[in-house]
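J.: Model the structure of this input:
(one chain, ligands or ions: 1)
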Amino acid sequence: MAQEAKQIVKERIARHGIECDWADGLIHAVHKKKWLEEEQRDAERLARDYDYDAITLLDRDKLAAAIGTDVYFGGYRDGEASHLHPLNFVLGMAKAAETAGVRIFEASRVTNIGKGQPVTVKTEAGEVRAQHVVLAANGYLNGLAPHTEARVLPINNYILATEPLGERDPIPGNEAVADSRWVVHYWRMSPNRRLIFGGGET
Ligand SMILES: Cc1cc2nc3c(=O)[nH]c(=O)nc-3n(C[C@H](O)[C@H](O)[C@H](O)COP(=O)(O)OP(=O)(O)OC[C@H]3O[C@@H](n4cnc5c(N)ncnc54)[C@H](O)[C@@H]3O)c2cc1C
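T.: Have a look, this model is predicted:
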């Protein structure tokens, strides 16, 4: 499924010519020495059980050279994982959907979803009747669908971007990096040379 998901995204970017800075390569960095062995076992298991041979193990020095810090003990590079500019991707998908005939209404908060079929969906200014409704409002349903809402946990996660770093290039292979923390630290370079760093959760 993971392989297929990546393929679908890649195909859509190509088919609709979406400019979203697709770049191959994800580096996983281990922050506890005792977890290195497990990292190696994971890589071997992916190759053995799933024929996935895109993983390259990195020792401490190679990792430090690839990600611009020596605070991690080792890790791996996944050559078939990738990263992209999510907003530009979604804008490209919206454009493709509109070209295919989809009508998108922004700034139309849904205030109520009725029962039965067709379903009547109310917004502040009007209503829509539909055979199918896709509930896609993330963890912030605000009473719209209590049954689902009771089973979804909204979590805040935070990203910052530095000023453009100019000539400094902490990630020479332009991979995205994520570490082994439970609340993951993750970072990558933007095309205009900012370091984008994410982590922390409330
Ligand atoms: C900083 C950060 C980093 C993340 N990193 C990762 C990552 O690396 N990998 C990963 O897998 N996930 C990551 N996530 C989580 C991921 O972004 C979300 O899980 C995902 O975007 C949720 O998709 P969605 O379509 O359900 O909701 P969203 O993309 O949030 O879309 C919900 C939409 O519903 C609209 N909406 C809400 N209420 C209403 C209403 N009443 N009426 C009409 N519209 C409404 C909103 O305006 C919004 O457009 C991250 C999240 C954050 C905040």
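
J.: In the lengthiest strand in the chain, which residues are buried?
T.: As assigned by DSSP state E, the longest strand anywhere in the chain is strand 74-83. Using 16 or more other C-beta atoms under 10 Å as the test for burial, strand 74-83 gives G74, G75, Y76, R77, D78, A81, S82, H83. All C-beta atoms are positioned from the backbone trio N, CA, C, and that covers glycine.

J.: And the third one, how close does it get to K32?
T.: From Y76 over to K32 the distance is 15 Å, taken as C-beta to C-beta, to the nearest Å.

J.: try the fifth one
T.: D78 sits 20 Å away from K32, going by C-beta to C-beta.

J.: check whether the longest strand of the chain contacts the ligand.
T.: No: using C-beta under 6 Å from any ligand atom, strand 74-83 stays clear of the ligand, with a minimum separation of 8.7 Å.

J.: care to break this protein down by domain?
T.: According to automatic domain parsing, the chain comprises the domains 23-83+157-197, 105-154.

J.: Around the ligand, which positions in the chain sit nearby?
T.: R109, V110, A136, A137, N138, Y140, L144, N157, I159, G198.

J.: Mind pulling up the pLDDT for the first one?
T.: In this model, R109 is scored at 94, pLDDT.

J.: looking at it, it is touching K122, isn't it?
T.: No: using C-beta atoms under 8 Å, R109 makes no contact with K122, being 9.8 Å away.

J.: ok, so of the buried residues of strand 74-83, who is nearest the ligand?
T.: H83 (8.7 Å; C-beta to the nearest ligand atom).

J.: measure the closest one to R45 for me?
T.: 24 Å.

J.: Over to A107?
T.: Going from A107 to R45 by C-beta to C-beta gives 47 Å.

J.: Same drill for these two, tell me which one is more crowded.
T.: Taking other C-beta atoms under 10 Å, A107 and R45 do not tie; R45 has more neighbours (12 against 7).

J.: In contact with the more buried one, which residues are there?
T.: Under the criterion of C-beta atoms under 8 Å, 6 or more residues apart in numbering, R45 has no neighbours.

J.: burial of T148, as a residue count?
T.: Applying the criterion other C-beta under 10 Å, we find 12 residues in the vicinity of T148.

J.: And the one 5 residues further on, by the same measure?
T.: Neighbour count of L153, defined by other C-beta under 10 Å: 5.

J.: Who's the closest spatial neighbour of it, skipping the chain neighbours?
T.: The spatially closest residue to L153, leaving aside those adjacent along the chain, is G139, at 6.5 Å (C-beta to C-beta, 6 or more residues apart in numbering).

J.: Wait, that neighbour touches N157, no?
T.: No: judged on C-beta under 8 Å, G139 makes no contact with N157 at a distance of 11.5 Å.

J.: tell me which residues of the helix or strand hosting T56 are tucked away?
T.: T56 is part of strand 55-58 when elements are defined by DSSP states H and E. Buried residues in strand 55-58, counted by 16+ other C-beta under 10 Å: I55, L57, L58.
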